[in-house]
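Enquirer: give the three-dimensional model of this entry:
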Amino acid sequence: MKKKYLIAPLSNGNVALLAEMGKNAGLPWDAILGAELVRHYKPDHEVYLSAAEFLGVKPFEVMMVAAHSGDLRAARDCALRTGFIYRPNEYGPGGRADKAKPGDYDVVANDAIDLAAQMGA
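Expert: Residues are numbered from 1 along each chain as shown. Purely as a prediction, here's the structure:
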């Protein structure tokens, strides 16, 4: 994915937290975007639109990838493309993870490798 696309988290978590998380996990981020940069929090549209602005692209050139349907619906409302990754253990044993079927979002994947394959990366 990294060879073809810019990768950046867009989180309600603060930038310092995301930087430490990325560093400790060896995540291949090109930038760190966060709600704190625009002083709004998801699902406020300002957060999603700021991602495109910070990256110097149009909203439709950004894909929000998440395991949360509400996050993806808000991103889609801002003209971002959407990618859903199913995380069955998102809420622990017995939790009810969000699900999606093909057509619900631009890409519906079982994991990051499946997402990359569907995007031709």
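Enquirer: ok, then the element right after the helix or strand that contains E53?
Expert: With elements taken from DSSP states H and E, the one containing E53 is helix 45-55. Read in the C-terminal direction, the helix or strand following helix 45-55 is strand 63-66, with elements assigned using DSSP H and E.
Enquirer: where does this structure have its least confident helix or strand?
Expert: Least confident helix or strand of the chain, by mean pLDDT, DSSP states H and E, is strand 33-34 with a mean of 92.
Enquirer: does F84 belong to a helix, a strand or coil?
Expert: Of the three states, F84 takes strand under DSSP: H, G, I helix; E, B strand; the rest coil.
Enquirer: doesn't G103 make contact with it?
Expert: No - checked against Cβ atoms under 8 Å, the pair F84 and G103 is beyond contact range at 10.8 Å. To be clear about C-beta, it is placed using only N, CA and C from the backbone, and glycine gets the same treatment.
Enquirer: which one of these two has more residues nearby?
Expert: Relative neighbour count places F84 above the other of F84 and G103, with 26 against 7, counting by other Cβ atoms under 10 Å.
Enquirer: distance check, that one against V47.
Expert: Distance of F84 to V47, computed by Cβ to Cβ, to the nearest Å: 18 Å.
Enquirer: please apply the same query to G92.
Expert: Relative to V47, G92 is positioned 26 Å away (criterion: Cβ to Cβ).
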